[in-house]
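**Q** fold the following and give me the result.
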Amino acid sequence: MKHIRLAKRAPYLLVAGLFVLATFHMGLAKSVKRQSIYSPGKLKPTDSRLKVRVGQKAPNFTLPALGDREVSLRDYRGKKNVVISFVPAAWTPVCSGQWPGYNLAEEFFVKYDAVLLGITVDNIPTLHAWTGEMGELWFPVLSDFWPHGKVADRYGVLRSDGVSERALFVIDKTGTIRYIDVHDINMPPRLEVLVEELKKLNR
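**A** Numbers count the residues shown, from 1 in each chain. Predicted structure coming up:
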């Protein structure tokens, strides 16, 4: 019976293991040099009011992305599920670990036919330098710099100090929002929870 229970839990143990690896990855020196990191200290967990809800169509946007291109949410309509990852700011501790951690979960995005779009309110030169320190990311990195925080504000995750919340939006192929997590800005979202939400899209 013990072996049966372990077999049933294997997928969850794998995700949990990846989360541990992602957390470990956050501390690796090769992600971002420690002397480059700015620590803002303990912040108010959330500081915004959502303007969208689960079940409604996700507001479209077009933003400049690294690689001298633009990315629109509508590009994926009918083709891919989308996960939007808003993070507050480049060169900060949690953000500098969260996105490299998603490199370890790329296979889950592929498995559930999803793409990840990373968005911050930083400008393109800042994002270029920051991601260069983190190492190559497999997903597009978008700048919501100007008009400042327009997309974050449209979704209701722009904080009063001008940065975005640490937030995840899962959007299905019809463009409908299926999951929202406006997370404690001081903590990374749990990877295994996101994977479970991606699974639901194919049920």
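
**Q** can you show me the strands along the chain?
**A** With DSSP state E as the criterion, the chain has strands at 62-65, 69-72, 81-86, 114-120, 141-143, 166-171, 177-183.

**Q** and E107, which of those is closest to it?
**A** strand 114-120 (11.2 Å; CB to CB). Where you see a C-beta, it was placed from the backbone N, CA and C, and this is true even at glycine.

**Q** show me what the closest one pairs with in its sheet, parallel or antiparallel.
**A** strand 81-86 (parallel), strand 141-143 (parallel) (DSSP bridges).

**Q** where does pLDDT dip in this structure?
**A** By pLDDT under 70, the low-scoring segments of the chain are 1-35.

**Q** hang on, the earlier thing: would you format the strands of the chain as TSV with mean neighbour count and distance to S36 included?
**A** Shown next, in TSV, are the strands of the chain (neighbours: other CB atoms under 10 Å; distance: least, CB to CB, whole Å):
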stretch	mean neighbour count	distance to S36
strand 62-65	17	22
strand 69-72	13	26
strand 81-86	23	21
strand 114-120	22	16
strand 141-143	24	17
strand 166-171	24	20
strand 177-183	19	24
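
**Q** among the ones you listed, which comes closest to I37?
**A** Closest among the strands of the chain, once you apply CB to CB, is strand 114-120, at 15.0 Å.

**Q** that closest one vs strand 166-171, what angle?
**A** 150 degrees (axes from the mean of the first three to the mean of the last three CA atoms, to 10 degrees).

**Q** restricting to C-alpha, output strand 114-120 in CSV.
**A** What follows is strand 114-120, C-alpha atoms only, in CSV (Å, rounded to 0.1, in the frame of the first residue of the first chain):
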residue,chain,number,x,y,z
ALA,A,114,1.4,27.4,-22.3
VAL,A,115,3.8,30.3,-22.8
LEU,A,116,5.1,32.6,-20.0
LEU,A,117,5.3,36.3,-20.4
GLY,A,118,7.4,38.2,-17.9
ILE,A,119,6.5,41.9,-17.3
THR,A,120,8.1,44.6,-15.2
